[in-house]
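In: coordinates only, sequence not included:
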Ligand SMILES: NC(=O)CC[C@H](N)C(=O)O
């Protein structure tokens, strides 16, 4: 389907940052005013998966890749039911889109879902600012165009540090999941037929659950403010803790049930789930200066030295010293800044990664981690870095 966007006059939009910078561009998507933490993502494609990743709640995302929207939006590649970003910034919105699966343009999709966009600003200058000063609060507006008023509003916006955004995206009731990965095909995988996983949904990306279902695992999804008793009532073979938005340091209600089952259940966590598992064993978390968001983050397996290129989206990290002081063994680090990207517990069947093995968007290098989780449910032993590398090699 190819659509040429009607050439209507576009109205002005402004992005104001808390440091006083104001960018002026063209409005697209929905009209109005929005605020959030401004963060950048370096993925070249995958804007639809990024928009619908619940972990972006409360954040205005700028794409560093300069041309966005050329393949439109389809109704299959969503990571949740609707977009969650607080606003969207691109250098150039493609004036036409073309893809056999496209149902609509990015502009139409954002209008329908009430997401405000801005295009035509220098996203490279914006990203450099965020790298140098760190992520900043910002306001995106198509209505209030007074610079001083916008900057004042940005300075009053909610801080990401200390924010519980999980409440805004968590499910309200238990549900089952049976959608599979399907057409992408995973090649040789560890089968989990007959295994039952309880997944704690803090704002889970669909592709994580698809990866589990693809391997034959029965998945029961619970809200994060559950209890250890409720998790165990389902008689699962393992617990999975999902990704999600906001600051992990304030999510005691999600840490508590995890602590209650750690001695009973093999447990795997991704991103926020990794941070919550870290907290559950006694580690602390902290905010990174500008975080890691993109599809090309290099991660090193410390046991083998092997590097994988990973998909990431996080602004907080697990503190290495408190992790190691509480039985955590660091298995992976980020090669850009040396921060913790994965750990296992020295005694318990528990491991987790800060990055996204389900990709969506991003490379599939790390999909073997789902195989490792299935193996851990069978062996009741956390995988060493060496074993992870073996599982990875099986899929090369
Ligand atoms: N993708 C995620 O799960 C993000 C986790 C957490 N909200 C962070 O920013 O670090």
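Out: That came in fine, so what should we check first? Since the structure is predicted, the reported quantities are computational estimates derived from the model, not experimental observations. Numbers count the residues shown, from 1 in each chain.

In: Would you tell me what the next helix or strand after the lengthiest strand in the chain is?
Out: With secondary structure taken from DSSP state E, the chain has its longest strand at strand 285-301. Downstream of strand 285-301, the first helix or strand assigned by DSSP states H and E is strand 307-318.

In: residues from this protein in reach of the ligand?
Out: Within the chain, the positions near the ligand by CB under 6 Å from any ligand atom are 55, 243-246, 271-272, 313-316. Every C-beta, even on glycine, is put in place using the N, C-alpha and C of the backbone.

In: end-to-end on stretch 191-200?
Out: End-to-end distance for stretch 191-200: 21 Å, by CA to CA, to the nearest Å.

In: Helices along the protein, start to end?
Out: For the chain, helices defined by DSSP state H occupy the ranges 47-51, 106-112, 123-133, 147-155, 166-169, 206-214, 228-233, 252-261, 272-281, 320-324, 368-379, 385-394.

In: What ranges does the stretch 51-200 of the chain have for its strands?
Out: Taking DSSP state E, counting those that start in this stretch as the criterion, the stretch 51-200 of the chain carries its strands at 59-63, 67-68, 87-90, 92-93, 96-98, 116-119, 136-141, 175-177, 196-200.

In: how about the ones you listed in CSV, adding mean pLDDT and distance to residue 348?
Out: As requested, these are exported to CSV (pLDDT from 0 to 100; distance: least, CB to CB, whole Å):
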stretch, mean pLDDT, distance to residue 348
strand 59-63, 98, 33
strand 67-68, 98, 43
strand 87-90, 98, 41
strand 92-93, 98, 48
strand 96-98, 98, 48
strand 116-119, 98, 45
strand 136-141, 98, 39
strand 175-177, 97, 25
strand 196-200, 98, 17
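
In: Any chance of TSV for those, columns mean neighbour count?
Out: Output for the strands of the stretch 51-200 of the chain, formatted as TSV (neighbours: other CB atoms under 10 Å):
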stretch	mean neighbour count
strand 59-63	26
strand 67-68	17
strand 87-90	27
strand 92-93	20
strand 96-98	16
strand 116-119	26
strand 136-141	26
strand 175-177	15
strand 196-200	24
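
In: Including distance to residue 366, could these go into a markdown table?
Out: Below are those laid out as a markdown table (distance: least, CB to CB, whole Å):
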| stretch | distance to residue 366 |
| --- | --- |
| strand 59-63 | 22 |
| strand 67-68 | 25 |
| strand 87-90 | 26 |
| strand 92-93 | 31 |
| strand 96-98 | 30 |
| strand 116-119 | 31 |
| strand 136-141 | 30 |
| strand 175-177 | 21 |
| strand 196-200 | 18 |
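
In: Contacts only, for residue 262.
Out: 280-281, 348, 350 (CB atoms under 8 Å, 6 or more residues apart in numbering).

In: how much space between it and the ligand?
Out: Going from residue 262 to the ligand by CB to the nearest ligand atom, to the nearest Å gives 20 Å.

In: circling back: which two among the contacts of residue 262 are spaced furthest apart?
Out: By the measure CB to CB, 280 and 348 form the most distant pair in the contacts of residue 262, at 10.2 Å.

In: ok, now how distant is residue 264 from the ligand?
Out: For residue 264, the distance to the ligand - CB to the nearest ligand atom - is 24 Å.

In: how far out from the middle of the chain is the longest strand of the chain?
Out: Averaging C-alpha positions (CA atoms, centre = their mean, to the nearest Å) puts strand 285-301 11 Å from its chain's average.

In: got it, and stretch 283-301?
Out: So, by CA atoms, centre = their mean, the centroid of stretch 283-301 is 11 Å from its chain's centroid.

In: Stretch 280-295 too?
Out: 12 Å.

In: Make residue 1 into 18 and carry on from there
Out: All set: I'll call the first residue 18, so the last point we hit is now stretch 297-312.

In: Next, the angle strand 324-335 makes with the longest strand of the chain.
Out: Relative orientation of strand 302-318 versus strand 324-335 (axes from the mean of the first three to the mean of the last three CA atoms, to 10 degrees): 170 degrees.

In: quick one, strand 302-318 and helix 289-298 angle?
Out: Angle of strand 302-318 versus helix 289-298, following the same axes, to 10 degrees, is 110 degrees.

In: Give the buried residues for strand 302-318.
Out: 302, 304-305, 307-312, 314, 316-318 (16 or more other CB atoms under 10 Å).

In: Next: stretch 344-357.
Out: In stretch 344-357, counting by 16+ other CB under 10 Å, buried: 344-351, 356-357.
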